[in-house]
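Asker: Model the structure of this input:
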Amino acid sequence: MHIAIAGNIGSGKTTLASKLEKHYDWVAHYEDADENPYLNDFYEDMQRWSFNLQVYFLRSRFQQIIDIRKSGKNVIQDRTIYEDAYIFAPNLHAMGLMTTRDFQNYTELFKLISSFIQPPDLLIYLRASVPTLVNQIQKRGREYENNIRLDYLKRLNERYEAWISTYEEGKLLIVDVDNNNFSEVPEDLGKIIQSIDAEINGLF
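Answerer: Take a look at the predicted model:
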């Protein structure tokens, strides 16, 4: 079974993945932010490195999905391939940080890749307001995230909402992070686990 967590920067994807990994004894696949050779360069000069970064993510997540399906195990995945294609790349293009030529090339590459993959059995979307995102980004203190602008997070949130409102690839569970502090309150985590159990039972 493949469960995936989607959400904006700072919404708590990695934290939730680690807690669900422990609770269910699932195998977790995390986003390799620290291993990404383009991330620091991207935050220094988005226009120069946007295409390189997005192609890296696309390749990396395609490999993840192949590994997940081959493993035959129950896997929880931190961020999905769809977020790159429907949120981050279009946002960079709209902001003038990725050329139309590069964006079209990227989009065609995603279409080709997506024809070879299965969507997750359950998608968990972490919905969070910009103040909540900023608070959680500041808490974790990653240096390359210091320059993230509020309007950038806001634009991403708008694209997330647009994508989720039309998501029909499979089962979907939405968690309101503004009103659910699952990272620190066990009862809040318990509510998410109850909802996941209900969805998982419906998968069989």
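Asker: And the residue nearest to the spatial centre of the chain, how close does it get to residue 55?
Answerer: Centroid-nearest residue in the chain: residue 79, 2.7 Å away (criterion: Cα atoms, centre = their mean). Taking Cβ to Cβ, to the nearest Å as the measure, residue 79 falls 16 Å from residue 55. All C-beta spots, glycine's among them, are computed from the backbone N, C-alpha and C.
Asker: Next: residue 20.
Answerer: 29 Å.
Asker: For those two, work out which one has more neighbours and name it.
Answerer: In this view residue 20 and residue 55 are compared by other Cβ atoms under 10 Å, and residue 20 has more residues nearby, 21 against 18.
Asker: Residues touching the host helix or strand of the more buried one, excluding its own?
Answerer: For residue 20, the host element (DSSP states H and E) is helix 13-24. Helix 13-24 has contacts (Cβ atoms under 8 Å, 6 or more residues apart in numbering) with 3, 5-7, 26-28, 30-31, 74, 76-79, 124, 126, 175, 182-183, 189, 192-193, 196.
Asker: Filter those residues down to just the buried residues.
Answerer: The neighbour-count test (16 or more other Cβ atoms under 10 Å) applied to the contacts of helix 13-24 identifies 3, 5-7, 26, 28, 30-31, 74, 76-79, 124, 126, 175, 182, 189, 192-193, 196 as buried.
Asker: which residues touch the residue nearest to the centre of the chain?
Answerer: By Cβ under 8 Å, 6+ apart, the contact set of residue 79 is 4, 5, 6, 7, 13, 31, 61.
Asker: any weak-confidence spans in the protein?
Answerer: By pLDDT under 70, the weakly predicted segments of the chain are 33, 144, 203-204.
Asker: Show me the helices in it, by range?
Answerer: Assigned by DSSP state H, the chain shows helices spanning 13-24, 39-44, 46-71, 81-83, 89-94, 100-114, 130-140, 150-165, 186-201.
Asker: Quick one: list the elements packing against the shortest one.
Answerer: When contacts are defined as 3 or more Cβ pairs under 8 Å, 6 or more residues apart in numbering; DSSP states H and E, helix 81-83 packs onto helix 46-71, helix 100-114, helix 150-165.
Asker: Name the residues of the longest one that are buried.
Answerer: Put plainly, it is helix 46-71. 46, 49-51, 53-58, 61-62, 64-65, 68.
Asker: cool, and stretch 92-111?
Answerer: Here stretch 92-111 shows 92, 93, 97, 98, 102, 103, 106, 109, 110 as buried, counting by 16+ other Cβ under 10 Å.
Asker: can you redo the helices and strands packed on helix 81-83 as TSV with distance to residue 133?
Answerer: Formatted as TSV, the helices and strands packed on helix 81-83 follow (distance: least, Cβ to Cβ, whole Å):
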stretch	distance to residue 133
helix 46-71	18
helix 100-114	25
helix 150-165	5
